[in-house]
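1. Below are the sequence and a predicted model; questions follow.
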Amino acid sequence: MGNVSVRHSELEPAVMQIIADGRRVLEMESRAVSVLTDRLNASFQKAVEILASCMGSVIVTGMGKSGLIGRKIAATLSSTGTPASFLHPAEGLHGDVGMVSKRDVVVALSKSGRTEEIIGLLPFFKLLNVPVIGLLGTIPSPLAERCDVVLDVSVAEEACPFDLAPTASSTAALAMGDALAVALLKFKGFTAEDFATIHPGGILGRRLLLKVSDIMHRGKEIPTVRDETPLKDVILEMTSKRLGATCVVDGNGKLTGIITDGDLRRLLEKGMDPGKVVAKDFATRSPKTLNADALATSGIHMMETYKITQLVIVDKDRRPEGIVHLHDLLQAGIA
């Protein structure tokens with residue numbers, strides 16, 4: 001085959017049409033979500049309260065694209081403090097419904113409100129007296145009549161040019177699921193710390209769980225000199241500990257200051273006699289400190305605020321028990 005060349009003037013209309021089609025989809029789906037705000041009423045409140053009172057798990061179910069959205073809703077609920085699982089309704093009719101207990105709540109998704117597999121599960125849910133919350137795209141419908149609470153996620157039309165493939169409708173259902181999850185976590189008082197405990201492996205978990213004590217240098221790794229330490233010995237201590245700074249303490253071991261590489265440079269700029277200088281003569285007084293129980297993110301914030309790269313960790317008597325360098329925070333993956 002020979003090379004086919006396409007002139008810019010010939011390509012441009014096709015490109016513009018592609019962009020126009022994409023914009024149309026986004027606009028339609030945006031409208032599908034925006035209209036949901038006017039539908040949040042007492043039914044939404046009741047749905048959140050039912051979910052909050054669940055003593056077991058939230059069982060999310062749906063077929064096809066609704067099922068895919070249901071899986072995401074279940075995952076979002078689980079990651080925000082509400083145990084949830086997805087039940088494929090067809091598999092449920094063949095035994096998987098055994099995962100549902102009397103302590104659970106069911107969230108059912110259906111665009112048509114007539115999904116036969118979900119309707120087939122309703123007698124079992126009723127037998128267990130399990131509340132059913134419907135996220136439905138058609139009201140009235142057989143499912144709507146049998147749910148304890150119905151949330152209207154209907155759309156005027158799909159973004160699909162044939163008004164067939166679930167597009168705007170699945171986006172609306174997903175957004176309503178997010179609205180439920182977020183309203184629920186706030187209603188239950190779910191905190192950032194709670195979030196961290198169930199996300200220990202990710203960056204968010206590390207940011208919310210990692211404490212200064214987990215990464216600070218301890219014991220002999222802490223560069224330390226006394227107030228009267230000569231400049232030569234100060235430099236030796238800083239060089240050997242390789243943290244670009246040293247703590248300065250008094251005779252009782254209490255922190256009186258810090259000396260950094262920058263302090264050394266400023267000392268030389270002043271032209272002072274190195275042979276007559278001791279630590280207290282050029283140390284930075286009242287250095288920034290933290291306690292060992294502080295979150296490592298507090299260290300990041302303090303370093304960013306004061307444009308520093310080291311923090312001294314002190315006990316209740318202001319004795320150094322650790323030191324943290326910016327590089328430690330970078331290596332921990334939270335800076």
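-> Yep, it's here.
2. phi, psi of residue 258?
-> Residue 258 has phi and psi values of phi -140, psi 150 when expressed as degrees, to the nearest 10.
3. Show me the beta-bridge partners of it.
-> Judged by DSSP bridges, the bridge partners of residue 258 are residue 247, residue 284.
4. Give me the distance between it and residue 320.
-> Counting by CB to CB, to the nearest Å, the separation of residue 258 from residue 320 is 9 Å. C-beta: built from backbone N, CA, C; applies to glycine.
5. Find residues that contact each of these two.
-> Residues touching both residue 258 and residue 320 by CB atoms under 8 Å, 6 or more residues apart in numbering: 247, 312.
6. So which elements touch the host helix or strand of residue 302?
-> Assigned by DSSP states H and E, residue 302 belongs to helix 296-306. With contacts taken as 3 or more CB pairs under 8 Å, 6 or more residues apart in numbering; DSSP states H and E, helix 296-306 sits against helix 203-209, helix 212-215, strand 289-290, strand 310-314, helix 326-331.
7. among those, which is the most enclosed?
-> Stretch with highest mean neighbour count among the helices and strands packed on helix 296-306: strand 310-314 (a mean of 24; mean count of other CB atoms under 10 Å).
8. so what are the domain limits for this structure?
-> 8-190, 212-331 (automatic domain parsing).
9. what about the last one, how long is it end to end?
-> With CA to CA, to the nearest Å as the measure, the first residue of domain 212-331 is 13 Å from its last.
10. sorry, back to before: ok, which of the helices and strands packed on helix 296-306 comes nearest residue 230?
-> Of all the helices and strands packed on helix 296-306, the one in closest proximity to residue 230, counting by CB to CB, is strand 310-314 (21.5 Å).
11. what's the model's confidence in that closest one, averaged?
-> Averaging pLDDT along strand 310-314 gives 96.
12. Mind listing the strands it pairs with, and their directions?
-> Sheet pairing for strand 310-314, using DSSP bridges, gives strand 289-290 (parallel), strand 320-325 (antiparallel).
13. Dump those to JSON lines, plus mean pLDDT and distance to residue 157.
-> Formatted as JSON lines, these follow (pLDDT from 0 to 100; distance: least, CB to CB, whole Å):
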{"stretch": "strand 289-290", "mean pLDDT": "96", "distance to residue 157": "57"}
{"stretch": "strand 320-325", "mean pLDDT": "96", "distance to residue 157": "57"}
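14. just those: most buried one?
-> strand 320-325 (a mean of 22).
15. hang on, the earlier thing: can you add distance to residue 76 and give the strands paired with strand 310-314 back as TSV?
-> Output for the strands paired with strand 310-314, formatted as TSV (distance: least, CB to CB, whole Å):
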stretch	distance to residue 76
strand 289-290	34
strand 320-325	35
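16. Could you check how far residue 31 is from residue 158?
-> Distance of residue 31 to residue 158, computed by CB to CB: 12 Å.
17. where does residue 54 land in three-state SS?
-> Following DSSP: H, G, I helix; E, B strand; the rest coil, the label given to residue 54 is coil.
18. which ones are touching it?
-> Counting by CB under 8 Å, 6+ apart, residue 54 has contacts 82, 103-105.
19. So which of these sit within strands?
-> residue 105 (DSSP state E).
20. Of the contacts of residue 54, select the buried ones using a ChimeraX command.
-> Remark: buried members of the contacts of residue 54, expressed as a ChimeraX selection using 16 or more other CB atoms under 10 Å:
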select :82,104,105
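21. Now do the SS call for residue 256.
-> With three-state DSSP as the basis, residue 256 sits in strand.
22. Around it, how many other residues sit close by?
-> Around residue 256 there are 19 other residues, counting by other CB atoms under 10 Å.
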